[in-house]
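Trainee: turn this into a structure:
(one chain, ligands or ions: 1)
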Amino acid sequence: MFWLRLSFDLLFAGSLGFLLLGRVTEPRTLWLLRGYLLLVAVAWLLQRYGDLPLTSKLMEALVLVCGLALAILLQGELRRLMELLGTGRLDVLLGSRQTGRQDSSTVDILVDTVGQLSKRRCGGLIVLDLGSDLRPEDFLNPGIQIDALLSVDLMLNLFSSETPLHDGAVLLQANRIASAGVILPLSRQSITRHGTRHLAALGLTERHERCLCVVVSEESGTISLACQGKFERPITRERLRALLGEALQLQSGDRRKRQARTLSKAQTAGDLAEASAKNRP
Ligand SMILES: Nc1ncnc2c1ncn2[C@@H]1O[C@H](COP(=O)(O)OP(=O)(O)OP(=O)(O)O)[C@@H](O)[C@H]1O
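Mentor: Below you'll find the predicted structure:
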C-alpha cells in the first residue's frame with residue numbers, strides 16, 4: 001500500500017512539474033523553476049528519509065525564502081496563472097486553445113500600414129494575435145468590434161486622428177481586423193522610459209505570450225515591436241517584416257522557444273544600432 005501511494009504521489013508531482021515547466025518559454029525562468037523544484041525535492045527527501053532534523057529545518061527555510069523570491073520575480077506569471085484558474089480557462093493552461101492565426105498577407109499589409117503611419121508621424125498601436133486566449137475582459141476596454149477584412153486603407157483610416165476610433169489599439173485576429181479603439185492594460189515598467197502607448201504594448205505582451213504589438217510613435221515616427229514584455233526598437237520596416245515573418249512561421253512547430261530566441265538575437269547591439277541608423281528620419 002505504501003509503495004502504491006508513493007508511486008501515485010511521484011506520478012502526480014511529476015505531471016504537475018512537467019505541466020508547469022512545459023508552459024514556461026523564457027530560458028531564465030525555466031532555470032529558476034528547475035532549481036526551485038530541485039530544492040523542493042531535496043528538502044522532501046531529507047525530511048522523509050534523512051534523519052537529520054537540523055539540515056531538514058535549514059532546507060525548509062531555504063525553500064521558503066526561495067519561494068518568496070520566486071513569487072516576487074514571477075508576479076506577472078503567477079497573476080496570469082491565477083486569472084486562468086479563476087476564469088476556468090484550463091484549455092489555455094494545457095496549451096490547447098489556438099485562435100486568431102495569421103498568414104503572410106497579414107505581414108505585408110501590416111508592414112505597409114506601419115511604414116505609412118511612420119512617414120506621416122501618425123501614432124498607432126496594433127495587436128497581432130498569433131493564436132492566444134484573448135477575451136474582452138483581458139482589456140481595460142474591448143473597444144468596438146469591427147470584424148473586417150484587413151487592408152492598408154482601412155487601417156490608415158482607423159488611425160487617422162479625425163476618426164473616433166483612433167485612440168487605442170487595433171486588434172488583428174485570423175487575418176481580420178477584429179476590433180479598434182481597444183484599451184490595453186498598462187505595464188508597470190518605468191513610465192519615465194515609455195509613454196502610455198508603449199506601456200500598453202508592453203502590458204499586453206507581458207500577459208499574453210502569443211500576442212505581438214507593433215507601435216508607431218506619433219512623436220518620432222519610430223517603429224517598435226513588443227514581444228513578451230520586451231521591446232525591440234527602433235526597427236526598420238524590413239526588420240519588422242523579418243521578425244513578423246519568423247513569428248508566423250513559429251505558429252506551427254515549436255513556436256514559443258524559437259520566438260524567444262529570435263527576439264533575444266535581435267536585441268544585440270549591432271542590430272539595434274543598424275536599425276536605428278536606418279530608421280532615423
Ligand atoms: N492603455 C492604452 N491602450 C491603448 N492605447 C493607448 C493606451 N494608453 C494610451 N494609448 C494611446 O496612446 C496615445 C497616447 O500616447 P502617449 O503620447 O501617451 O504615449 P507614447 O508611448 O509617448 O506614444 P507616442 O510616442 O506616440 O507619443 C493615446 O492617444 C492612445 O491612442
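Trainee: enumerate the residues of the stretch 151-281 of the chain near the ligand.
Mentor: 167-169, 183-184, 186, 194-198, 200, 217-219 (CB under 6 Å from any ligand atom). The C-beta positions use only the backbone N, C-alpha and C, and glycine is treated the same way.
Trainee: most neighbours among the residues you listed, which one?
Mentor: Leu184 (28 neighbours; other CB atoms under 10 Å).
Trainee: ok, which stretches of the chain are strands?
Mentor: Secondary structure of the chain by DSSP state E: the strands cover 124-129, 144-149, 169-173, 176-182, 211-216, 223-227, 230-232.
Trainee: can you redo the ones you listed as a markdown table with mean pLDDT?
Mentor: Shown next, in a markdown table, are the strands of the chain (pLDDT from 0 to 100):
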| stretch | mean pLDDT |
| --- | --- |
| strand 124-129 | 95 |
| strand 144-149 | 93 |
| strand 169-173 | 94 |
| strand 176-182 | 94 |
| strand 211-216 | 95 |
| strand 223-227 | 94 |
| strand 230-232 | 90 |
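Trainee: format those strands as JSON lines; extra columns: distance to Leu248.
Mentor: Output for those, formatted as JSON lines (distance: least, CB to CB, whole Å):
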{"stretch": "strand 124-129", "distance to Leu248": "9"}
{"stretch": "strand 144-149", "distance to Leu248": "18"}
{"stretch": "strand 169-173", "distance to Leu248": "12"}
{"stretch": "strand 176-182", "distance to Leu248": "15"}
{"stretch": "strand 211-216", "distance to Leu248": "10"}
{"stretch": "strand 223-227", "distance to Leu248": "13"}
{"stretch": "strand 230-232", "distance to Leu248": "16"}
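Trainee: dihedrals phi and psi, the nearest residue to Glu209 once chain neighbours are set aside?
Mentor: Spatial nearest neighbour of Glu209, chain neighbours left out: Gln228 (5.5 Å); criterion: CB to CB, 6 or more residues apart in numbering. Main-chain dihedrals, Gln228, degrees, to the nearest 10: phi 50, psi 40.
Trainee: from Thr205, how far off is Gln228?
Mentor: Shown here: Gln228 relative to Thr205, a distance of 6 Å by CB to CB, to the nearest Å.
Trainee: which of these two has more neighbours?
Mentor: When Gln228 and Thr205 are compared on other CB under 10 Å, the one with more neighbours turns out to be Thr205, at 23 against 20.
Trainee: if you skip the residues just before and after it, what's nearest to the more buried one?
Mentor: Excluding the flanking residues, the one nearest Thr205 by CB to CB, 6+ apart is Ala226, at 4.5 Å.
Trainee: close enough to count as contact, the one you found and Glu209?
Mentor: No. In this structure, Ala226 is not within contact of Glu209 by CB atoms under 8 Å, at 11.5 Å.
Trainee: okay, the two: which has more neighbours?
Mentor: Neighbours per residue, other CB under 10 Å: of Ala226 and Glu209, the larger number sits with Ala226, 28 against 22.
Trainee: neighbours of the closest residue to His208 other than its chain neighbours, how many?
Mentor: Leaving aside its chain neighbours, His208 sits nearest to Ser132 (4.7 Å; criterion: CB to CB, 6+ apart). The tally of other residues near Ser132 (other CB under 10 Å) stands at 22.
Trainee: contacts only, for His194.
Mentor: Neighbouring residues of His194 by CB atoms under 8 Å, 6 or more residues apart in numbering: 187, 202.
Trainee: ranges for the helices of this protein?
Mentor: Assigned by DSSP state H, the chain shows helices spanning 2-23, 27-49, 53-73, 75-86, 90-93, 104-119, 152-159, 196-207, 237-249, 255-266, 269-279.
Trainee: can you put those helices in TSV and add mean pLDDT and distance to Ile126?
Mentor: TSV is the format used below for the helices of the chain (pLDDT from 0 to 100; distance: least, CB to CB, whole Å):
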stretch	mean pLDDT	distance to Ile126
helix 2-23	82	26
helix 27-49	88	27
helix 53-73	92	30
helix 75-86	78	22
helix 90-93	67	23
helix 104-119	91	7
helix 152-159	95	8
helix 196-207	92	9
helix 237-249	89	11
helix 255-266	50	17
helix 269-279	47	17
